[in-house]
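S.K.: Need a 3D model of the following:
(one chain, ligands or ions: 1)
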Amino acid sequence: MARIGFIGLGNMGAPMARNLVQAGHAVAVFDLAPSAMEAVPGALPAESAAAAARGAAFIFTMLPAGPQVRDALLGTGGVAAAAPADAVLVDCSTIDVATARALAAESGRAFLDAPVSGGVMGAEAGTLTFMVGGDVAAFAAVEPLLRVMGRTAIHCGAAGAGQAAKACNNMMLAATMLVTCEAFILAEKLGLSHQALFDVASQSSGQSWSLTTYCPVPGPVPGSPANRGYAPGFAASLMLKDLGLAVGAAQAAGVELPVGEKALEVYRRFVEEGGGGKDFSGVINKLKR
Ligand code: NAD
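M.R.: Predicted coordinates:
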């Protein structure tokens with residue numbers, strides 16, 4: 001049994017913390033919204049991030065973005081004020097690479113960036129994928145806990161490498177989704193049925209996760225969001241956030257991303273037009289217009 005602090009109990013953090021409690025660990029939780037802490041029965045609610053971190057061997061954060069993670073770790077009443085010197089800080093939020101690297105340098109503890117893929121369903125089922133940057137020994141120490149909350153944990157390299165992997169992966173996802181949507185739109189205009197395109201492309205070189213799992217038209221993949229009015233799933237607003245992180249990291253690194261930047265532009269407009277709460281495959285209806 002490990003003593004754990006868990007900060008940020010939203011859509012993702014609450015089920016992740018519940019899985020740790022159910023595995024028999026002693027979990028102290030903190031969220032700025034007191035009601036969020038009630039979503040983790042069996043955990044000990046704390047009055048601050050510092051209080052949740054006191055005496056803990058591992059402190060997880062699952063927060064919206066870089067500023068909130070910095071605040072929870074280094075702000076007044078933050079983790080750094082109280083965590084044991086040998087505690088491992090594990091940030092599972094999706095944040096920018098630069099902040100992840102800065103926190104690894106400034107937190108005074110072993111710090112891992114460990115963003116996840118798999119969404120709320122993966123968090124509830126304990127089947128997330130963790131992509132982790134930071135010290136190898138700290139990764140080895142926390143890996144058994146990552147395997148309580150997830151199915152896969154991959155050490156990607158030094159501090160920031162986990163966030164880099166997440167940004168690159170989700171940029172690929174956005175681009176394949178957009179071009180898959182365009183292919184269905186073109187096929188329709190050319191008189192080709194959705195099912196025929198799916199049957200060919202899913203067994204040919206056009207195959208992708210966007211096609212075979214999240215097919216953006218209703219019919220070919222019964223479980224895809226297109227069959228339930230594009231209810232998420234993976235919300236377009238979250239995709240926009242992740243594309244912003246990828247393009248921001250590229251600008252800082254002096255790398256041009258013509259396709260990634262175009263994807264960002266398309267999703268920004270989709271969200272501005274009210275599509276943020278739809279699944280990211282719902283962008284097909286914008287592209288049709
Ligand atoms: P959420 O908005 O549901 O939850 C965030 C929680 O953090 C809220 O309960 C909020 O009250 C709390 N909070 C904010 N600032 C705080 C602070 N300073 N101290 C303590 N608590 C604070 O967000 P979520 O959907 O759980 O996502 C969390 C992270 O996971 C994000 O970075 C997101 O990009 C990433 N992510 C989300 C999904 C998804 O499908 N929701 C999938 C993969 C990754």
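S.K.: Quick check: the gap between Thr176 and Asn170.
M.R.: For Thr176, the distance to Asn170 (C-beta to C-beta, to the nearest Å) stands at 11 Å. Yep, even glycine has a C-beta here, placed from its N, CA and C like the rest.
S.K.: Tell me which residues touch Ile4, please.
M.R.: Neighbouring residues of Ile4 by C-beta atoms under 8 Å, 6 or more residues apart in numbering: 20, 25-28, 56-60, 145.
S.K.: List the ones among these that fall in strands.
M.R.: 26-28, 58-60 (DSSP state E).
S.K.: And the furthest pair within the contacts of Ile4?
M.R.: For the contacts of Ile4, the farthest-apart pair by C-beta to C-beta is Ala28 and Leu145; their separation is 14.4 Å.
S.K.: which of the contacts of Ile4 tops the neighbour count?
M.R.: Within the contacts of Ile4, neighbour counts (other C-beta atoms under 10 Å) peak at Ile59, which reaches 31 neighbours.
S.K.: Could you report the pLDDT at that residue?
M.R.: If you check Ile59, the pLDDT there is 98.
S.K.: Save the contacts of Ile4 as JSON lines, and put in distance to Pro258 too.
M.R.: Shown next, in JSON lines, are the contacts of Ile4 (distance: C-beta to C-beta, whole Å):
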{"residue": "Leu20", "distance to Pro258": "42"}
{"residue": "His25", "distance to Pro258": "46"}
{"residue": "Ala26", "distance to Pro258": "50"}
{"residue": "Val27", "distance to Pro258": "45"}
{"residue": "Ala28", "distance to Pro258": "47"}
{"residue": "Ala56", "distance to Pro258": "45"}
{"residue": "Ala57", "distance to Pro258": "45"}
{"residue": "Phe58", "distance to Pro258": "41"}
{"residue": "Ile59", "distance to Pro258": "40"}
{"residue": "Phe60", "distance to Pro258": "37"}
{"residue": "Leu145", "distance to Pro258": "40"}
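S.K.: Let me know the secondary structure of the residue in the stretch 1-150 of the chain that the ligand sits nearest to.
M.R.: Using C-beta to the nearest ligand atom, the closest approach of the stretch 1-150 of the chain to the ligand is made by Gly10 at 1.7 Å. Secondary structure, DSSP: H, G, I helix; E, B strand; the rest coil: Gly10 is coil.
S.K.: Which residue ranges of the stretch 51-200 of the chain form strands?
M.R.: Remark: strands assigned in the stretch 51-200 of the chain by DSSP state E, counting those that start in this stretch are 58-61, 88-91, 110-113, 116-117, 128-133, 150-157.
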